[in-house]
Structure formats: C-alpha cells, structure tokens
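> got a predicted structure plus its sequence, pasted below:
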Amino acid sequence: MYIATTLTQYKEQAHHRRPHYTPDMPPYTIVYFPVQGRCEAMRMLLADQDQSWKEEVVAMQSWLQGPLKASCLYGQLPKFQDGDLTLYQSNAILRHLGRTLGLYGKDQREAALVDMVNDGVEDLRCKYVSLIYTNYEAGKEDYVKALPQHLKPFETLLSQNKGGQAFIVGDQISFADYNLLDLLRIHQVLAPSCLDSFPLLSAYVARLNSRPKLKAFLASPEHVNRPINGNGKQ
C-alpha cells in the first residue's frame, strides 16, 4: 500500500455531488493486482491531473484464497474508491473520473465522440488481453500482422481533428486520451514498429508522453517497475 507522489488537495466541484472523504486522506484508492493491466490509464490520468491516490496492492494468492474476491461486485478487480463511493469496471471508473475532473469533452457532441473512442480502445484491448493470456506464442505473429487495421481508425480520428495536432477529440484532453495512450504504449512494447506507418499516432504518443506531470509519472519507479501483465508476457 502506498500513496502516489502527486499530493495536490482534491477540490470539490460545486455542480457535482461529491462522495464523502476526510481531508487527511487521498480522495481516491485503487485496489488492484501488482500490474499495470486495466489500471494504468487511470493512474496516468490521475498523475497528469495532479490528483493524489492510494494503492492497495492485492497479491494473486491472497486474491484466490481470501475474502476480497467474494466481496467484489463482479468478482473481479479493479476496485476503485472515491470517498464513500465504490466502483468496479475500469471503463466506468474512467468515465467517472472524466465527469468529475472535466475530461469528457466540452459538450454533448464531444462527449459522444469520447465514448466512441473509448469503446474502440476497449475492443482492441480485449483482443490484446486474449492474446496475452490465452494465445501468446501461437497467436502473436498473426496478431501483429493484423494490428494495422485495428490502429487505422485512431489515425483517421486524429486526422479529422485539427490535422492530428491536438487530442483524439476536440482541443482538450479527455479520459479517452489516457486510455488510448496506454493502449498504444503497450502495443509499442509488443510490436515496437507498430506505429511506424501511422505518423499522427506516433506524434500523438510522443506529445502526450511529454506532458510534464505525465512524463514524471512514466519515469517513476512505481510505473517503470510495475509489470504490464500478470503472466510476464508483453
């Protein structure tokens, strides 16, 4: 269990009913395995937005043998605490943070596009997870070969928004940007040249990686030493 190094006090937004928390504790807690997995996008979001959070790391043996699994709504992690609000499902958590921190587009039109992007990220992430955990050795070559067709929609979306020089939607960062960035970064580990034929995506990753608070997080031991997946494959 540890507290992330970004310790700016959480500010309530007047137009939202915020969950209750005490002033001496970080407003957010991530309960998850000791991997990046489905939590690194939300960690990047929190770090970049200068939010504090606490980590409760769950060892796999403890998860399998202990009472936590039975207590979780869907029998899975991550579990996310925002004061007295408990959430499950990583994309629901991202959307909650998007609404709370103003990372959901500037209007309903942009919010709809942000949702569309995030669903596209989830589609590819599910393919990636299936490869990593069920078919890595036999399926990696075909997966990498098919990857361009899965990345192309994101290149197209960037090209349609300010010539690819901004974010995936509009002119302000959204929760979908963090989720897409994480997805692209883990695919660069899987297939280092996967973005070579996508200049806008390549520049997008470099641009987001260079945001000062996010850059600091990505260089931190907490991120660098955390495995991407739980089985050592990446």
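All right, it came through fine.

> in a strand, that's where Gln163 is, yeah?
Not quite, residue 163 is Gly, not Gln. No: judged by DSSP: H, G, I helix; E, B strand; the rest coil, Gly163 forms no part of a strand; its state is helix.

> count of neighbours near it?
Using other C-beta atoms under 10 Å, Gly163 is surrounded by 9 other residues. C-beta here means a position set from N, CA and C on the backbone, and glycine is covered the same way.

> and the pLDDT for it?
pLDDT for Gly163: 93.

> could you shift the numbering so residue one becomes 59, and keep it that way?
Fine by me, first position is 59 from now on; the one you just mentioned is Gly221.

> from Gln119, how far off is it?
50 Å (C-beta to C-beta, to the nearest Å).

> and if you look at Ile286?
20 Å.

> give me the more crowded residue out of those two.
Ile286 (18 against 8).

> please identify the helix or strand for that one.
For Ile286, there is no host helix or strand (DSSP states H and E).

> show the contacting residues for it.
Listed by C-beta atoms under 8 Å, 6 or more residues apart in numbering, the contact set of Ile286 reads Val93, Gln94, Gly95, Glu98, Ile244, Val247, Gln292.

> and the gap between the residue most central in space within the chain and Gln218?
By C-alpha atoms, centre = their mean, the chain has its centre lying nearest to Ala99, at 1.5 Å. With distances taken as C-beta to C-beta, Ala99 is found 23 Å from Gln218.

> and what of Asn283?
In this view, Asn283 and Gln218 are 38 Å apart by C-beta to C-beta.

> coming back round to it: just the contacts of Ile286 now: which is nearest Tyr132?
Minimum distance to Tyr132 across the contacts of Ile286 is 15.3 Å, recorded for Gly95 (C-beta to C-beta).
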